[in-house]
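**Q** Give me coordinates for this.
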Amino acid sequence: MLLRVSRDADITAIQRAYRSLAKEFHPDRQKSAEEKVKSEEAFRLIATAYEILRDPEQRQEYEYMLDHPTEMYYHYYRYYKRRYSPKIDVRLVFLSTILVLSAIQYISQRTKHSQALTYLVRDPKYRTKAKEMAIAAKRFHIDKQKVGRRLTREEVKIHEEAVIRSIIAENFELRGDCGPPSIRNTLVVQLVVLPYHVVRFCWWALRWIVLFTILRRPYGPEEKEYLTRWWLGYNQTRWDSLDEESRAYYNRLELWRRENLKAYREAMEEEIRIRSAEDTNQKRYRRYVKRYGPPVAANLDDS
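**A** Okay, the predicted model is just below:
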């Protein structure tokens, strides 16, 4: 071996041998130019050998190469992969990706909330209510002493728009996807609290099986509301975005009962059928089919 140590030498022996050989073959210690050229190559090989043997992972690969000399190309692949591949910790990449996605989620929440507020500000119904509340609370009043001058008409308009927007944000609750942004809805927080949610779900499922499947106990108000939401295909966020009147209406229908759910769906299908029958475009389409027959798709192979 270049370092003149045995294969089972420890790191201390390797360091001692490297320091000894470095003193012997260092180019600055050579006298003639020819000896300097030879020592430079020898010193480079010694330094490379030391770098490999002091790293446990590289040393293991080197010993594997000694034991399996026929796998030459595989050794080259591992060497160049280690030498030229970017030295980036996968954990840092994973963490950075999660943080970036969480930031995008939070920005998206803020954008949706801002767009929903803008829609309510432009809606005549909410705008009128907000103006009435602002006048009653004297929110439109501008203290000239604080401003120090008389505002222009454009500045007054901007101030009134800001007041209306703030009143709507304070008094009209936005729910669901358009609700106020929260870091609790981001990926990084969801991953942190994931074990808690898993344990909570397992406990909930076990309780449901024991109480309502094995013991056959009647459903409580929470269980009835959950089944109603489940059969309607609403997740918790969408269900919470409904107003109290709509949720109370669905609960009164007792859709957690399968027979009531079936009747409700049939009623909805009938209502959709009636609306479709009264739609002018559908009527025009039916007259066309009655006169000319159903439309035939063109055969693209003939073109």
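**Q** buried ones in the longest helix anywhere in the chain?
**A** Scanning the chain for the helix with the most residues, using DSSP state H, yields helix 90-122. Neighbour-count burial for helix 90-122, counted by 16 or more other CB atoms under 10 Å, picks out Ser102, Gln105, Tyr106, Gln109, Lys112, His113, Ala116, Leu117, Leu120, Val121. (Glycine included, C-beta is placed from N, CA and C.)
**Q** Give the closest residue to the last one in space, chain neighbours not counted.
**A** When you say that, I think you mean Val121. Leaving aside its chain neighbours, Val121 sits nearest to Arg165 (5.3 Å; criterion: CB to CB, 6 or more residues apart in numbering).
**Q** so how far is Pro124 from the one you found?
**A** Noted for Arg165: a distance of 15 Å to Pro124, by CB to CB, to the nearest Å.
**Q** which of these two has more neighbours?
**A** Each of Arg165 and Pro124 has its neighbours counted (other CB atoms under 10 Å); Arg165 has more, 17 against 7.
**Q** any residues touching the strand or helix carrying that one, and which ones?
**A** Assigned by DSSP states H and E, Arg165 falls within helix 153-171. Here helix 153-171 makes contact (CB atoms under 8 Å, 6 or more residues apart in numbering) with 117, 120-121, 126-127, 130-131, 133-134, 139-140, 142, 151.
**Q** Which one (most neighbours) among the residues you listed?
**A** Busiest of the contacts of helix 153-171 [other CB under 10 Å] is Ala130, holding 24 neighbours.
**Q** what about the helix or strand encompassing that residue, average pLDDT?
**A** Counting by DSSP H and E, the element that carries Ala130 is helix 124-136. Mean per-residue pLDDT for helix 124-136: 87.
**Q** Kindly report the same for stretch 95-110.
**A** Rounded mean pLDDT across stretch 95-110 is 94.
**Q** any residues touching that stretch, and which ones?
**A** Contacts of stretch 95-110 (CB under 8 Å, 6+ apart): Gly179, Pro180, Pro181, Ser182, Ile183, Asn185, Thr186, Leu187, Val188, Val189, Leu191.
**Q** Make TSV out of those residues and add neighbour count.
**A** As requested, these are exported to TSV (neighbours: other CB atoms under 10 Å):
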residue	neighbour count
Gly179	17
Pro180	13
Pro181	17
Ser182	11
Ile183	11
Asn185	16
Thr186	21
Leu187	17
Val188	16
Val189	15
Leu191	11
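**Q** Which ones among these lie within helices?
**A** Leu187, Val188, Val189, Leu191.
**Q** Apart from its chain neighbours, what residue comes closest to the second one?
**A** If I follow you right, that is Val188. Nearest residue to Val188, sequence neighbours excluded (CB to CB, 6+ apart): Ser102, at 4.3 Å.
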